[in-house]
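**Q** coordinates for the following, if possible.
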Amino acid sequence: MHINMEEKNGVSVCYVQGDIDINSSPEVKKYFEQVTREKKDKIVINFKDVNYVDSSGLATLVDVLKKMRAYGGVLKLSNLSEKVMGLFEITKLNKLFVIVQEEADALSSF
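**A** Okay, here's the model as predicted:
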C-alpha cells in the first residue's frame, strides 16, 4: 500500500497504489486522518492502481467522506476499475460518493 498526494490547481489528488482491505485499511485511515486534520477542502482519490476494495476499505472511505463533509470539504473518487465500481454499485455507495471516470473530469468539476 502506498499513497502519494499532489496539489493540482488547489485540489489535493491522492494516488492510492494497492488493495484497500482489512490489512491496509488502518494505514489508509491514518493517512486520511492527517489530511482531514489539515481540513483539505477539495480531494480527489485516484483509484487507477487499486484492484480490490473490501468492506473495511469501504468503511474507511465512508469515514473520510463523513469527516470531510463535517467541515465542508468535498471528496471525489476517480479512475475506479470495473470491479471496484461494481462494489460501489452493489453497496449503493455510488449514490453517496461523487464518482467520476477520469481524474481530469474530477478536477474540472470543482
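**Q** average pLDDT across the lengthiest helix in the chain?
**A** Counting by DSSP state H, the longest helix found in the chain is helix 55-70. Averaging pLDDT along helix 55-70 gives 97.
**Q** then it to PDB, C-alphas only?
**A** Only the C-alpha atoms of helix 55-70 are listed here, as PDB (Å, rounded to 0.1, in the frame of the first residue of the first chain):
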ATOM      1  CA  SER A  55     -15.800  -3.900   3.400                       C
ATOM      2  CA  SER A  56     -13.200  -2.500   5.800                       C
ATOM      3  CA  GLY A  57     -11.900  -0.300   2.900                       C
ATOM      4  CA  LEU A  58     -15.400   0.900   2.200                       C
ATOM      5  CA  ALA A  59     -15.900   1.700   5.800                       C
ATOM      6  CA  THR A  60     -12.600   3.700   5.900                       C
ATOM      7  CA  LEU A  61     -13.700   5.700   2.800                       C
ATOM      8  CA  VAL A  62     -17.100   6.400   4.300                       C
ATOM      9  CA  ASP A  63     -15.400   7.700   7.400                       C
ATOM     10  CA  VAL A  64     -13.100  10.000   5.400                       C
ATOM     11  CA  LEU A  65     -16.200  11.400   3.500                       C
ATOM     12  CA  LYS A  66     -18.100  11.900   6.700                       C
ATOM     13  CA  LYS A  67     -15.200  13.800   8.300                       C
ATOM     14  CA  MET A  68     -14.700  16.000   5.200                       C
ATOM     15  CA  ARG A  69     -18.400  16.800   5.000                       C
ATOM     16  CA  ALA A  70     -18.300  17.900   8.700                       C
END
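**Q** okay, buried residues for that helix please.
**A** Buried positions in helix 55-70, judged by neighbour count with 16 or more other CB atoms under 10 Å: Ser56, Gly57, Leu58, Thr60, Leu61, Asp63, Val64, Leu65, Lys67, Met68. For glycine as for every other residue, the C-beta is placed from the backbone atoms N, C-alpha and C.
**Q** no further questions, thank you.
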